[in-house]
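what's the 3D shape of this:
(one chain, ligands or ions: 1)
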Amino acid sequence: MNHNTDLAHISVMPNEVVEQLGFAPAGVFVDGTTGCRAGHAKAILSRLPQASQVICMDRDPEAIKSCQSVLAEFTGRYTAVNRGYEELASVIAELGITDVSGVNLDLGVSSDQLSSERGFSFRLGQPLDMRFNPEGGDLSAAEVIANIDQKELAKQLWELAEVPAAERLAKRMKEASRQGLMETTDDLVAVCNEVLGPRIRKISSATLPFQALRIMVNRELERLDSFLESAPGLLAKGGRIAILSFHSVEDRMVKFAFRRLAETGDFKMPFRKAMKPSREEILSNRRSRSAKLRVLERCN
Ligand SMILES: C[S@@+](CC[C@H](N)C(=O)[O-])C[C@H]1O[C@@H](n2cnc3c(N)ncnc32)[C@H](O)[C@@H]1O
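Numbers count the residues shown, from 1 in each chain. From the prediction side, this is the model:
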């Protein structure tokens with residue numbers, strides 16, 4: 001993985017995440033999206049005395065490899081697991097753990113992944129892949145485009161990233177794919193430029209289609225949905241889940257799932273409105289600007 005420090009991933013709202021998890025009881029904590037630089041996991045390990053053990057999960061095998069050198073000083077207190085957060089229930093059962101005190105998710109892609117050679121970024125001429133885990137059974141972005149129905153592709157481009165002219169773009173993407181011209185990031189950028197022009201609202205016209213495709217390739221919404229269904233029941237009494245999202249569809253999923261759980265009386269949301277990064281954080285880390293943090297606590 002490219003570890004160009006200019007593109008180093010900066011953790012978003014680490015203080016707020018640690019503060020919120022700090023209300024949870026002592027026990028096992030989980031960072032469900034550890035990432036290459038393990039920013040949140042490191043903050044939890046160094047600043048939360050009640051985190052006796054931290055399970056560091058990530059679907060990306062490269063991230064799991066890299067995070068272990070970052071976390072070397074905590075050897076013995078963490079377990080790195082190359083699995084998805086949607087599998088948390090089976091992972092803790094395999095480790096012989098019955099419940100967890102705190103779980104953190106930081107959704108999406110890291111800056112390290114954007115600068116890797118797996119086609120996440122349109123700035124690099126790479127194979128059109130975009131899989132967090134190339135061995136995880138998902139299709140690559142080029143294969144997704146080849147296999148998906150044109151109408152469904154248009155629908156997803158619109159629903160996941162509000163891509164303008166989604167129907168025309170989907171039609172051209174399918175044509176290019178049939179002609180063997182949808183194999184690299186450059187191929188997709190060329191089609192986006194042709195259909196949408198070079199820019200949409202000041203950003204490159206390829207940005208939104210790339211985002212939608214990454215979410216489709218990694219089935220990010222399905223996996224988040226499975227997590228929201230299964231993880232709250234794994235919390236110890238007083239245990240907390242903190243989720244950082246950067247995308248309105250994901251934030252809505254988290255908000256509605258947490259509200260539904262709070263209505264049962266077994267859980268509560270310590271605050272109703274999503275917490276946002278401070279002005280200072282947004283100025284020093286642009287990627288944080290769309291972050292929303294939501295927290296759920298188990299009460300019974
Ligand atoms: C924004 S990065 C995390 C950065 C990290 N929190 C930090 O502060 O350094 C998101 C990570 O989530 C991982 N990821 C995406 N989907 C996942 C899933 N279903 N299960 C586990 N990890 C996932 C990605 O591979 C990526 O490394």
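
Strand partners (parallel or antiparallel) of the lengthiest strand in the chain?
As assigned by DSSP state E, the longest strand anywhere in the chain is strand 235-245. Strand pairing for strand 235-245, determined by DSSP bridges: strand 100-106 (parallel), strand 292-298 (antiparallel).

Out of these, which gets nearest to the ligand?
Closest to the ligand of those is strand 100-106 (CB to the nearest ligand atom; 3.6 Å). (C-beta placed from N, C-alpha, C; glycine too.)

Near the ligand, which residues of the stretch 151-300 of the chain? Just list them.
Asn218, Arg223 (CB under 6 Å from any ligand atom).

let's go with 8 Å and repeat that
Counting by CB under 8 Å from any ligand atom, the stretch 151-300 of the chain comes close to the ligand at Asn218, Glu220, Arg223, Leu224, Phe227, Leu244.

so the third one is in which element?
Same thing as Arg223. If you go by DSSP states H and E, Arg223 is part of helix 220-230.

Only the buried residues of that helix, if you could.
Within helix 220-230, the residues scored as buried using 16 or more other CB atoms under 10 Å are Glu220, Leu221, Arg223, Leu224, Ser226, Phe227, Leu228.

which residues are in contact with that helix?
32, 84-86, 88-89, 105, 107-108, 214-215, 249-250, 253-254, 257 (CB atoms under 8 Å, 6 or more residues apart in numbering).

Val18 is in contact with Ser46, isn't it?
No - Val18 lies out of contact with Ser46 (CB atoms under 8 Å); the separation is 9.1 Å.

Of these two, give the one with the bigger neighbour count.
Val18 (19 against 13; other CB atoms under 10 Å).

Check which helices and strands the host helix or strand of that one sits against.
Using DSSP H and E, Val18 sits in helix 14-21. Here helix 14-21 touches helix 39-47, strand 100-106, strand 235-245, strand 292-298, going by 3 or more CB pairs under 8 Å, 6 or more residues apart in numbering; DSSP states H and E.

Distance check, whatever residue of the stretch 201-300 of the chain ends up closest to the ligand against Gly32.
Distances between the stretch 201-300 of the chain and the ligand by CB to the nearest ligand atom are smallest at Arg223, namely 4.1 Å. The gap separating Arg223 from Gly32 is 10 Å, by CB to CB, to the nearest Å.

can you check Leu71 too?
Distance, Leu71 to Gly32, by CB to CB: 15 Å.

per-residue confidence for Ser116?
Looking at Ser116, its pLDDT is 89.

likewise the one 5 residues further on?
At Ser121 the predicted local confidence, pLDDT, stands at 90.

Skipping its backbone neighbours, what lies nearest it in space?
Leu114 (4.6 Å; CB to CB, 6 or more residues apart in numbering).

before we move on, what SS does Ile215 have?
Here Ile215 is recorded as helix under DSSP: H, G, I helix; E, B strand; the rest coil.

The residue nearest to Ser121 contacts Gln126, correct?
No - the pair Leu114 / Gln126 is not scored as a contact, 10.9 Å apart, by CB under 8 Å.

which residues of the stretch 51-200 of the chain fall in strands?
Here the stretch 51-200 of the chain has its strands, by DSSP state E, counting those that start in this stretch, at 51-57, 78-81, 100-106, 199-200.
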